[in-house]
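# sequence? don't have it. structure:
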């Protein structure tokens, strides 16, 4: 049973389109995250939610909008996709969201914008 | 500014050839230093958390150590299945996790 699952695994789309990535965790964790990993493997936090409340909102274009319908789900919607949005997007969760807690990651969504 | 630097960028070992990966960090108020393993096409997988200088943790062929400025991930007698990218991250007083760029390890049979 996958702990953190995200779909789709691959997403290929044209510039200007709108797309969504879904994430679900079955670990009973309170906190969920979206990370972006660029081609150099650098992981950068985008958002975090604790029990459906937005906690971290890094300097991400407002074309990116997270939505958390409940604490087990955190979806990412991206409007007007640009070439520079191409990357791997990871969903993650942690128990309470404390700085010393380990993260559980999904397997990633590779987004390619053409 | 909080910062994490990992070295080397890439490392190629023969099976059984022990080595160490380095993670140098600067952070205000260390809350934890983390090691993760990432296989191609997968998300990072947690290995260790170290909280204070002098702390050590072990898991199979891996041993992580921590000083006030750096952490080492020692790999003893590695096997091909240890091939992966190893990521280091630190959390400080600002509660944000800062990641290094990783060390890509290849272990040849």
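Good, I have the coordinates. Here the structure is a predicted model, which is why all the values come from computation and not from measurement.
# The helix or strand of chain B at the bottom of the mean pLDDT ranking pairs with which strands, and in what direction?
Ranking every helix and strand in chain B by mean pLDDT, DSSP states H and E puts strand B:97-99 at the bottom, with a mean of 92. Strand B:97-99 has the following strand partners under DSSP bridges: strand B:84-91 (antiparallel).
# ok, the closest residue to residue B:61 other than its chain neighbours - contacts?
Nearest residue to residue B:61, sequence neighbours excluded (CB to CB, 6 or more residues apart in numbering or on different chains): residue B:76, at 5.0 Å. The C-beta positions use only the backbone N, C-alpha and C, and glycine is treated the same way. Residue B:76 makes contacts with B:18, B:61, B:62, B:63, as judged by CB atoms under 8 Å, 6 or more residues apart in numbering or on different chains.
# For my notes, confirm residue B:81 occurs in a helix.
Yes - under DSSP: H, G, I helix; E, B strand; the rest coil, residue B:81 sits within a helix.
# count of neighbours near it?
9 (other CB atoms under 10 Å in any protein chain shown).
# Tell me how far it lies from chain A.
From residue B:81 over to chain A the distance is 18 Å, taken as CB to the nearest CB, to the nearest Å.
# quick one, what contacts that residue?
residue B:107.
# Check the gap between it and residue B:15 for me.
Separation of residue B:81 from residue B:15 (CB to CB, to the nearest Å): 10 Å.
# now swap in residue B:39 and tell me
Computed with CB to CB, the distance linking residue B:39 and residue B:15 is 18 Å.
# and what of residue A:88?
Distance, residue A:88 to residue B:15, by CB to CB: 29 Å.
# Between those two, which has more neighbouring residues?
residue A:88 (19 against 12).
# Surely that one and residue A:37 touch.
Yes - using CB atoms under 8 Å, residue A:88 is in contact with residue A:37, at 4.5 Å.
# between the two, what contacts are shared?
Common contact partners of residue A:88 and residue A:37 (CB under 8 Å, 6+ apart): residue A:108.
# re earlier: the least confident helix or strand of chain B: how far from the chain's middle?
Centroid displacement of strand B:97-99 relative to its chain, using CA atoms, centre = their mean, to the nearest Å, is 12 Å.
# Quick one: residues in contact with it.
Under the contact criterion CB under 8 Å, 6+ apart, strand B:97-99 has outside partners A:42-45, A:99, A:103, B:2-4, B:25, B:27, B:34, B:87-92.
# quick one on the thing from earlier: residues bridging contact with residue B:81 and residue B:15, i.e. touching both?
residue B:107.
# can you tell me the residue of chain A closest to chain B?
Per CB to the nearest CB, residue A:105 is where chain A lies closest to chain B, at 3.0 Å.
# isn't residue B:65 right up against residue B:72?
Yes - contact criterion CB under 8 Å: residue B:65 and residue B:72 qualify, at 5.0 Å.
# which neighbours do those two share?
Contacts common to residue B:65 and residue B:72, judged by CB under 8 Å, 6+ apart, are absent.
# For stretch A:103-114, what is the spacing between the initial and final residues?
With CA to CA, to the nearest Å as the measure, stretch A:103-114 spans 31 Å from end to end.
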